[in-house]
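A.B. asks: give me the fold of what follows.
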Amino acid sequence: MVAFGVFARSLTHHCLKRSKPNQPTLSLIISRNFTSKSSTWQYQSLRTLILETASSESVRMNRLSDSDSGIVEVRLERPGAKNAIGKDMLRGLQETFEAIERDSSANVVLISSSVPRVFCAGADLKERKTMNPSEVHLFVNSLRATFSFLEALRLPTIAVIEGAALGGGLEMALSCDLRICGEDAVLGLPETGLAIIPGLLFAVILFSTNLILAFHRAGGTQRLPRLVGKAVAKELIFTGRKIGGRDAMSMGLVNYCVPAGEAHLKAFEIARDVNQKGPIAIRMAKRAINEGVEMDMASALALEEECYEQILHTKDRLEGLTAFAEKRKPRYTGE
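C.D. replies: Numbering: from 1, shown residues only. A predicted model of the protein is given here:
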């Protein structure tokens, strides 16, 4: 398992510059077809690369190629436990997110499930019963740090929710920039039914450290109200009520709610759109929004200017202007 301190240092400094661990093994695969009721979208003999994480069988990563080069998909694959997050899956998520952060060719990330009718059922409580108190503390620390690392990735992230996203599963989706769900999605934070709250144990563990400010917002009690407002978040957390896709859409919890089975298709449509934009501009926009929303207006505008200055002398900016003048599609390289 990746040491919690590594995540802490990276997120505290907002730089995410990591030392390289052993390189994962890559193998070539052929991607599957995607079909919906209203439209059919096929990748015919499209080559992608899959990350075979040596320490986890629960997480797979596909790097698309050809015209979709730059799109990365992370798939949760633990059907026997409804994608509940245990030690193996957590280790896989940590290694995968770190690999994505190091990959300069990655422009947008999809997080989806290979298990029918479920995105992620939350933490694996059966496995947790076998842990001693110190193991539980370490696991919860690492889980929250992993979600914070996901939120702080330089590039945009999209959660593709078909079926259940409960507890830690919903918190993982809340850590993404965008959320797309199907109408049959079921979302909720049921922790109060277990006499705990989202993120509480994590906060208590860090109370005596100077990292409390850096990570206290890692749980659902902090991200959810920022999306849907305090009153709605309180009602959902106090009652542990589960909501469907349409309700999630109406309260602003998800960006799109589409017919059941079509969330993946919609997410790829958005990912393709993002992938065609200037990569550096997208990353600077994410930074300006994420950090600026926590500042007063004057400080936020200064941050926006700082981010813009980092784009000003890039080759991509000049390519964008040239392509516009020549009335053609720009060819961005991330330089």
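
A.B. asks: all contacts plus neighbour counts: C-alpha atoms, from now on.
C.D. replies: Fine.

A.B. asks: next, Val59: phi, psi?
C.D. replies: Backbone dihedrals for Val59, given as degrees, to the nearest 10, come out at phi -130, psi 130.

A.B. asks: bridged to the residue lying closest to it once chain neighbours are set aside, which residues?
C.D. replies: Excluding the flanking residues, the one nearest Val59 by CA to CA, 6 or more residues apart in numbering is Leu76, at 4.9 Å. Per DSSP bridges, the residues bridged to Leu76 are Val59, Ser113.

A.B. asks: and the gap between Leu76 and Asp296?
C.D. replies: 38 Å (CA to CA, to the nearest Å).

A.B. asks: now Leu321
C.D. replies: Relative to Asp296, and taking CA to CA, Leu321 is found at 32 Å.

A.B. asks: surely Gln94 is in contact with Phe147?
C.D. replies: No - using CA atoms under 8 Å, Gln94 is not in contact with Phe147, being 9.1 Å away.

A.B. asks: which SS class is Ala159?
C.D. replies: The three-state label given to Ala159 by DSSP: H, G, I helix; E, B strand; the rest coil is strand.

A.B. asks: and it, how far from Glu304?
C.D. replies: Using CA to CA, one gets 26 Å for the distance from Ala159 to Glu304.

A.B. asks: kindly report the same for Phe97.
C.D. replies: According to CA to CA, Phe97 stands 26 Å off from Glu304.

A.B. asks: residue ranges for the strands of the stretch 151-300 of the chain, please.
C.D. replies: With DSSP state E, counting those that start in this stretch as the criterion, the stretch 151-300 of the chain has strands at 157-161, 164-166, 178-182, 186-188, 243-244, 256-258.

A.B. asks: list the buried residues of the last one.
C.D. replies: Translated: strand 256-258. Residues 256-258 are the ones in strand 256-258 that count as buried (16 or more other CA atoms under 10 Å).

A.B. asks: what about it, distance to the chain center?
C.D. replies: The chain centre lies 17 Å from the centre of strand 256-258; the measure is CA atoms, centre = their mean, to the nearest Å.

A.B. asks: partners of it, with directions?
C.D. replies: Strand 256-258 sits in its sheet next to strand 178-182 (parallel), going by DSSP bridges.

A.B. asks: run the chain-centre distance for the partner strand.
C.D. replies: Strand 178-182 sits 12 Å away from the centroid of its parent chain (CA atoms, centre = their mean).

A.B. asks: convert the C-alpha atoms of it to CSV, please.
C.D. replies: Provided in CSV are the C-alpha atoms of strand 178-182 (Å, rounded to 0.1, in the frame of the first residue of the first chain):
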residue,chain,number,x,y,z
LEU,A,178,-18.0,15.5,-13.1
ARG,A,179,-20.6,12.8,-12.5
ILE,A,180,-22.8,11.1,-15.1
CYS,A,181,-25.4,8.6,-14.0
GLY,A,182,-28.1,6.4,-15.4
